[in-house]
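Participant: What would the 3D arrangement of this be:
(2 chains)
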Amino acid sequence: MTTISGPPTLLVTSTISTLEKCKTIHETRQIHAHMIKTNLVNHTFTVGKLIALCSLSGLSGGLDYALSVFSQIRNPNAFIFFALIKGFSESSNPLQSIILYAHMLSCFKELKGIEFSLPSVLKACGKSRSFEEGRQVHAQILKTHFRFDPFVSNSVIRMYEEIGEIEFARRVFDKMFDRDVISWNSMIKGYLRAGEIELACGLFNEAPERDVVTCNAMIDGYGKNGKCELAEEVFRMMSDKDVVSWTSMISAYVLDHRPRQALDLFREMLSLGVRPDAAALVSVLSAIGDLGFVEEGKWIHNYISANKITLNPGFIVSALIDMYSKCGHIENAYHVFRCVSHRKNIGDWNSFISALATHGLGQEALEIFLDMERKEIEPDEITFLGLLSACSHGGMVDEGQYYFKIMQEKYNIVPKIQHYGCLVDLYGRAGLLEDALGVIQTMPMEADVLAWKAILSASTKHGNVAIGENAAFKVMDLAPEDSSCYILLSNIYAKARRWDDVAKVRLMMKQRGVRKIPGCSSILVNGKVHEFLVRKEMDMRNDSEVLSKIEEMVSRLKLEGYEPDLTQVLLDIEEEGKGSSLCHHSEKMALAFGLINVRNGAPIHIVKNLRICCDCHSFIKLVSRVYNRRIVVRDQNRFHHFEDGSCSCKGYW
DNA sequence: CGTCGACTTA
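Facilitator: Reported below is the predicted structural model:
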């Protein structure tokens, strides 16, 4: 009798247990080398373990390594295929998972064993929006007994749901006789994703069973569909909230432009002893960025370090960069960016490029992109939005045109409406109004509000009444509730001294019930926020200290040649009144408060809800020189760093 | 062997 001897059992078990201990792909490679020496590479079981560990353990570079090992073996079994298919379905390259699945089908004579991979390949189809492939897998399932497996049916529902083919999902759902809570949840999620609130709500009420996931899906879906109050309702009614419930509600507040409530809710969550995870921190960081509360942001940053929350993979890094940038602390954003030098994901690069762009550091943004190219990191459409905005905020028309070109020719990215919007803005800010209009006329889709607003603000800036009027009327059509276009149109007329038309705009606003958003600026001093609202002369309350400081500033600046820019006043009031209403713009009040209360030498940080006006802009420029202060102002669009009489925006805002 | 939920960048 002959026995075919396999490798010694002890060698196999010790190799596998060593493999399981590997922390980096480098260590795994050494064991692989050892396996080659001892001929274990021909032992399917051990190689399978190697591939599975590489694909499924999340080691960086593991998947690619697993694929290369796989390509060198002769008879891969279903277990090996499963490991790779699952690994790739969760990666950023889900198509590879579909390719492997097809490969597996061609290798095997019978279907035995392939069913392990069905949930993963379906997930890959969903993730990569591969409708045709998804349908084929579905068809194959219908022809076999697999359709009686609830895991598989739920995966099919989930696949259609993610692709957005909600009717297909519904058909599968209706035919299932063993629907469980997961089937219901996926279906509800699908309707919410499609914006079908009523249908989602119907299923929510009908569902025989709800769990915490069901409610969380409703909170999230309501929030994303602009129904924050409904989200609140579900949230308040829940008795067992988990960290996802809190996170979803925090995000709903952020989306509803209520960052204060988001932050308060986060604090409530902490006080109840719920431990925030990475996603919760990302959400609250975005609220903090909106508020500009850098101290809170630093606290979260510390929390992340102290609790060893993993930065990668995930959104933490880009959320931190974004938060620091929105708080005006671009140096801290840079610090975070640099600290993760080895494994940055595309979002981290994009956040930093956009951050530099909003701070007017266009040249620096372009340099970061050069670095990406050197490191062969594939940019995506958002990278180019950042670059285009860097160019338009920096007046770099030629560069902007260049990036718009290579985006398509070198990187095969089809420009979306936002890219065209940036291009319009690029020409507009530079005063090339005709070119800006040319983009609108030739772009392959209808121009949206943002594009017309870019034209409008460019016309205001460059004093073009005809183009500006036309753009303002387009914006009124497309976004009737937006008051900013009325203000800008009025400014255009005022600049042309057409006071009758200014009055007409004012009348139009009144008739249409459009309300001007009151200007509001806030400033942080010693960890406390002080808010200033634009205020009429009549109610000065107890801001007399601030008001007399403004008077002092005005007279000091007048000696330096400051002349109030009266075209920035909406109403046609008497010249005298105009001057003083300008003085009460919220950013001037916040600035006066800052000069009084922020210690000498420290920069003054101000956040304004609207765009800064021309008068305030030149006023603050002068203040930075006369009072020798660095002043950082965040307005609706970007940052202005004022220093020694000039501003980082160089007039492009 | 496996199915459902939250998060950044414009």
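Participant: C-alpha only now, for contacts and for neighbours.
Facilitator: Fine.
Participant: for DNA strand B, what are the nearby residues on the stretch 251-400 of chain A?
Facilitator: Counting by Cα under 7 Å from any atom of the strand, the stretch 251-400 of chain A comes close to DNA strand B at A:251, A:277-280, A:282-283, A:286, A:314-316, A:318-319, A:322, A:346-348, A:350-351, A:354-355, A:382, A:385-386, A:389.
Participant: same thing but at 6 Å, please
Facilitator: With Cα under 6 Å from any atom of the strand as the criterion, the stretch 251-400 of chain A meets DNA strand B at residues A:251, A:277-280, A:282-283, A:286, A:314-315, A:318-319, A:322, A:347-348, A:350-351, A:354-355, A:382, A:385-386.
Participant: Just the ones in helices from those residues, please.
Facilitator: Under the assignment DSSP state H, these contribute A:251, A:278-280, A:282-283, A:286, A:318-319, A:322, A:347-348, A:350-351, A:354-355, A:382, A:385-386 to helices.
Participant: Just the buried ones from those residues, in PyMOL syntax?
Facilitator: Of those, the buried ones go into a single PyMOL selection, burial set by 16 or more other Cα atoms under 10 Å:
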select buried, chain A and resi 251+279+280+282+283+286+318+319+322+347+348+350+351+354+355+382+385+386
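Participant: most residues in a single helix of chain A, which one?
Facilitator: For chain A, the longest helix by residue count, based on DSSP H, is helix A:544-559.
Participant: Pull the CA coordinates from that helix and hand them back as PDB.
Facilitator: C-alpha atoms of helix A:544-559 as PDB (Å, rounded to 0.1, in the frame of the first residue of the first chain):
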ATOM      1  CA  SER A 544     -22.200 101.400  23.600                       C
ATOM      2  CA  GLU A 545     -18.600 100.400  24.200                       C
ATOM      3  CA  VAL A 546     -18.600  98.600  20.800                       C
ATOM      4  CA  LEU A 547     -20.300 101.600  19.000                       C
ATOM      5  CA  SER A 548     -17.900 104.100  20.400                       C
ATOM      6  CA  LYS A 549     -15.000 101.900  19.400                       C
ATOM      7  CA  ILE A 550     -16.400 101.900  15.800                       C
ATOM      8  CA  GLU A 551     -16.600 105.700  15.900                       C
ATOM      9  CA  GLU A 552     -13.000 105.800  16.900                       C
ATOM     10  CA  MET A 553     -12.000 103.400  14.200                       C
ATOM     11  CA  VAL A 554     -13.900 105.300  11.500                       C
ATOM     12  CA  SER A 555     -12.200 108.500  12.400                       C
ATOM     13  CA  ARG A 556      -8.700 107.000  12.600                       C
ATOM     14  CA  LEU A 557      -9.300 105.300   9.200                       C
ATOM     15  CA  LYS A 558     -10.600 108.500   7.600                       C
ATOM     16  CA  LEU A 559      -7.200 110.100   8.300                       C
END
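Participant: Can you list the neighbours in contact with that helix?
Facilitator: A:562, A:583, A:588-589, A:592-593, A:596, A:619, A:622-623, A:626 (Cα atoms under 8 Å, 6 or more residues apart in numbering).
Participant: one more time with 7 Å, if that's ok
Facilitator: With Cα atoms under 7 Å, 6 or more residues apart in numbering as the test, helix A:544-559 has contacts from A:589, A:592-593, A:622.
Participant: Give me the next element, helix or strand, following the helix or strand harbouring A:His641.
Facilitator: Per DSSP states H and E, A:His641 falls inside strand A:639-643. Remark: after strand A:639-643, the chain's next helix or strand is strand A:646-647, criterion DSSP H and E.
Participant: quick one: strands adjacent to that next one?
Facilitator: strand A:639-643 (antiparallel) (DSSP bridges).
Participant: what sits up against the strand it pairs with?
Facilitator: A:358-359, A:621, A:624-625, A:629-634, A:647-649.
Participant: one more time with 10 Å, if that's ok
Facilitator: Applying Cα atoms under 10 Å, 6 or more residues apart in numbering, the contact partners of strand A:639-643 are A:325-328, A:355-360, A:603-607, A:612, A:617-618, A:620-625, A:628-634, A:646-651, A:653.
Participant: Which among those count as buried?
Facilitator: Taking 16+ other Cα under 10 Å as the criterion, what is buried in those is A:325-328, A:355-360, A:603-607, A:612, A:617-618, A:620-625, A:629-634, A:646-649, A:651, A:653.
Participant: Sitting in strands, which of those residues do you find?
Facilitator: Of the positions in those, A:604-607, A:631-634, A:646-647 sit in strands, assigned by DSSP state E.
Participant: I'd like the residues you listed laid out as a markdown table, including distance to A:Leu199 and pLDDT.
Facilitator: Shown next, in a markdown table, are those (distance: Cα to Cα, whole Å; pLDDT from 0 to 100):
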| residue | distance to A:Leu199 | pLDDT |
| --- | --- | --- |
| A:Ile604 | 50 | 93 |
| A:His605 | 47 | 93 |
| A:Ile606 | 45 | 93 |
| A:Val607 | 41 | 92 |
| A:Ile631 | 51 | 94 |
| A:Val632 | 48 | 94 |
| A:Val633 | 45 | 93 |
| A:Arg634 | 41 | 94 |
| A:Ser646 | 56 | 90 |
| A:Cys647 | 52 | 91 |
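Participant: Show me which pair in the residues you listed is furthest apart.
Facilitator: A:Val607 and A:Ser646 (18.6 Å; Cα to Cα).
Participant: For the residue lying closest to A:Leu533 once chain neighbours are set aside, list the residues it contacts.
Facilitator: In space, and not counting its chain neighbours, A:Leu533 is closest to A:Cys520: 4.5 Å by Cα to Cα, 6 or more residues apart in numbering. Taking Cα under 10 Å, 6+ apart, we find A:Cys520 in contact with A:531-535, A:585-587, A:589-590, A:607-610.
Participant: Return the member of the ones in strands among the buried ones among the contacts of strand A:639-643 nearest to DNA strand B.
Facilitator: A:Arg634 (13.2 Å; Cα to the nearest atom of the strand).
Participant: Test my guess that that closest one contacts A:His617.
Facilitator: No - under the criterion of Cα atoms under 10 Å, A:Arg634 makes no contact with A:His617, lying 11.7 Å away.
Participant: Could you look up the next helix or strand downstream of the worst-scoring helix or strand of chain A on mean pLDDT?
Facilitator: When the helices and strands of chain A are scored by mean pLDDT, DSSP states H and E, helix A:575-583 comes last with a mean of 61. Per DSSP H and E, helix A:575-583 leads on to helix A:586-597 as the next helix or strand towards the C-terminus.
Participant: Give the other helices and strands that that next one contacts.
Facilitator: Packing contacts for helix A:586-597, counted by 3 or more Cα pairs under 10 Å, 6 or more residues apart in numbering; DSSP states H and E, involve strand A:520-525, strand A:528-533, helix A:544-559, strand A:604-608, helix A:614-626, strand A:631-634.
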